[in-house]
Each structure stands twice: as structure tokens, then as C-alpha cells.
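A.B. asks: Whatever this is, show me its structure:
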Amino acid sequence: MSMWKKSFTLDSLNQTSVNTLVEHLGIVYTAFDDQSLTATMPVEPRTHQPLGMLHGGASVVLAETLGSLAANMCVSEDYYCVGLDINANHIRAMRSGYVIGKAIPAHLGATTQVWQIDITDERGRMVCTSRLTIAVMKHKKAKQ
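C.D. replies: As a prediction, the model looks like this:
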């Protein structure tokens with residue numbers, strides 16, 4: 001059974017990135033199934049740190065981007081999701097190519113969600129593993 005409460009396509013997800021940090025870093029949503037969302041990010045000068053390796057902060061941006069968007073697709077239109085806490089363990093250095101992030105829920109609750117985001121290289125080797133805690137918020141009704 002699918003966890004998604006909103007309908008979407010890869011194109012509609014990628015449209016949410018226009019004129020944002022997500023677009024600037026070259027993050028592209030590439031796949032989803034009933035229980036996960038996947039995106040890629042290039043490893044190149046715009047995602048490097050000064051030593052020419054993938055910046056840990058870029059990996060965290062990829063992780064939070066995936067988890068936050070996935071979280072928002074798992075709630076009805078009456079709710080929205082925002083990040084509360086993120087941690088990341090950087091495991092493997094990269095200098096070029098692409099990383100692939102995959103977000104899978106560990107917990108989908110009424111007020112919080114927890115997402116596991118694993119980032120691998122093109123050969124499937126772990127580059128970074130991250131855990132994102134999300135707050136589920138109800139939209140406030142406009143005063144009339």
C-alpha cells in the first residue's frame with residue numbers, strides 16, 4: 001500500500017525546485033515507489049568543498065530535500081511538514097560523478113515523521129547516511 005496522500009509525477013516534483021537551492025545544486029528527482037523517493041545530485045565544483053571533494057553540507061541538502069518533500073507528499077492538503085532535526089554521517093569521499101539519495105520513512109505519525117536517507121555513489125557504495133525528523137503542522141485557517 002502506498003504512503004503517498006498527494007498525487008504527483010517526477011516532473012511535478014522537479015518543478016518545485018525551480019529557482020531554489022535544490023535547482024542550483026542540480027538535484028533531480030529520478031524515481032519513486034510506494035515506500036521511497038529517490039534523487040540524484042552531481043559531484044562537481046558547485047557541490048565541492050575547498051579540497052575538491054563532495055561537501056558534507058551538499059549531502060545534507062540532498063537528504064533534507066528528499067525527506068522534506070517526501071514528508072509533504074505523505075500528508076493531506078490540510079497539513080504541511082517542516083524539518084526539526086537532521087543528522088548525517090559522511091562515510092566516503094567523492095570527487096566526481098553523481099550521488100543517489102533514497103528516502104524511506106522510519107515513522108509516519110500524526111505530529112512527527114522520521115526519515116532515513118541513504119546516499120550512495122553510482123556503484124552503490126555508501127557515501128552518507130542521514131536521519132531527518134519532521135514536524136507535521138496543520139495549516140491555520142485565514143481569519144475572515
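
A.B. asks: what about the most centrally placed residue in the chain, is that helix, strand or coil?
C.D. replies: Nearest to the mean C-alpha position of the chain, by Cα atoms, centre = their mean, lies residue 66 at 1.2 Å. Classification of residue 66 using DSSP: H, G, I helix; E, B strand; the rest coil returns helix.

A.B. asks: Disregarding flanking residues, what is the spatial nearest neighbour of it?
C.D. replies: In space, and not counting its chain neighbours, residue 66 is closest to residue 103: 4.0 Å by Cβ to Cβ, 6 or more residues apart in numbering. To be clear about C-beta, it is placed using only N, CA and C from the backbone, and glycine gets the same treatment.

A.B. asks: So what's the residue count around that neighbour?
C.D. replies: When neighbours are defined as other Cβ atoms under 10 Å, residue 103 has 27 of them.

A.B. asks: contacts for the one helix or strand it maps to?
C.D. replies: Element membership of residue 103 [criterion: DSSP states H and E] is strand 97-108. Residues outside strand 97-108 that contact it (Cβ atoms under 8 Å, 6 or more residues apart in numbering) are 3, 30, 35-43, 54, 59, 62-63, 65-67, 70, 74, 113-122, 127-128, 131-132.

A.B. asks: Spit out the contact partners of the spatially closest residue to residue 93 that is not a sequence neighbour.
C.D. replies: Excluding its sequence neighbours, the residue lying closest to residue 93 (Cβ to Cβ, 6+ apart) is residue 53, at 4.7 Å. Residues near residue 53 by Cβ under 8 Å, 6+ apart: 93-95.

A.B. asks: Thank you, goodbye.
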